[in-house]
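[1] The sequence isn't on hand, but the structure is:
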């Protein structure tokens, strides 16, 4: 359900349930989390590309598992989605989402947790949970930070899809393109200083959440650390 390929410091993770539009069930989420945790422990990791096999990146949470949830276990399932997103954000290396086809619901939350998002022409993005009588939760909270509160509200309140061009205009993705665009970004990342990239990723997440004064204070401390001479 999850394929992992590693070469030259770059790990490519593929969601691999093409017959289910790469829908996320508990088993797939478990495999994805395990792969991310392995990467976090690898000293050779420099970048991660997250993609999907088949015709789509991810069609969201598995409908069969969703329909079987009850008030008693629903929280546990969305916590599994959150655990994957949190692991992506905590990876010490940049994560690039290679998006195509459909990026829906939990799939969009996972994409939002990545550091950079590149989507092929024709990709469709949607948060249709309200049409299924449930709210969008966990890392849907990242959407206002990426695209602004009004545009995030449009996605989660209407459930309507937007295409890659609109997603780019709204700031949900950084580039419209295919494998060549992803490969180019990966090469740029590999050409940058690995330690500086780790620090920069930490700062980007801090800037999302901390007050400006705290962000500046922490930035100065990390800058000073970057100038420390290795023994």
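    That came through fine. Not measured: the values here are computed from a predicted model.
[2] The protein: helices as residue ranges?
    Counting by DSSP state H, the chain has helices at residues 26-40, 63-67, 74-90, 106-113, 143-147, 149-158, 164-170, 179-191, 194-209, 212-226.
[3] Please convert those helices to JSON lines, extending it with mean pLDDT.
    What follows is the helices of the chain, written out as JSON lines (pLDDT from 0 to 100):
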{"stretch": "helix 26-40", "mean pLDDT": "98"}
{"stretch": "helix 63-67", "mean pLDDT": "92"}
{"stretch": "helix 74-90", "mean pLDDT": "97"}
{"stretch": "helix 106-113", "mean pLDDT": "98"}
{"stretch": "helix 143-147", "mean pLDDT": "97"}
{"stretch": "helix 149-158", "mean pLDDT": "98"}
{"stretch": "helix 164-170", "mean pLDDT": "98"}
{"stretch": "helix 179-191", "mean pLDDT": "98"}
{"stretch": "helix 194-209", "mean pLDDT": "94"}
{"stretch": "helix 212-226", "mean pLDDT": "92"}
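[4] And the ones you listed: which comes nearest residue 124?
    Each of the helices of the chain has some distance to residue 124 by C-beta to C-beta; the shortest is helix 164-170, at 7.9 Å. In short, each C-beta sits where N, CA and C put it, glycine included.
[5] Show me what that closest one is packed up against.
    strand 116-119, strand 124-126, strand 175-176 (3 or more C-beta pairs under 8 Å, 6 or more residues apart in numbering; DSSP states H and E).
[6] if we can go back for a sec, which of the helices of the chain has the highest mean neighbour count?
    Mean neighbours per residue, mean count of other C-beta atoms under 10 Å, is largest over the helices of the chain for helix 106-113, with a mean of 27.
[7] domains of the chain?
    Here the domain assignment for the chain is 2-186, 193-226, based on automatic domain parsing.
[8] and among the helices and strands packed on helix 164-170, the most buried is which?
    Among the helices and strands packed on helix 164-170, highest average neighbours (mean count of other C-beta under 10 Å) belong to strand 116-119, with a mean of 25.
[9] tell me what that one is packed against?
    Judged by 3+ C-beta pairs under 8 Å, 6+ apart, strand 116-119 is in contact with strand 95-99, helix 164-170, strand 175-176, helix 179-191.
[10] Could you export these to TSV, including columns for distance to residue 69?
    TSV is the format used below for the helices and strands packed on strand 116-119 (distance: least, C-beta to C-beta, whole Å):
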stretch	distance to residue 69
strand 95-99	26
helix 164-170	29
strand 175-176	35
helix 179-191	34
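[11] that older thread, for residue 4, which of the helices of the chain is the nearest?
    When the helices of the chain are compared by C-beta to C-beta, helix 26-40 sits nearest residue 4, at 5.1 Å.
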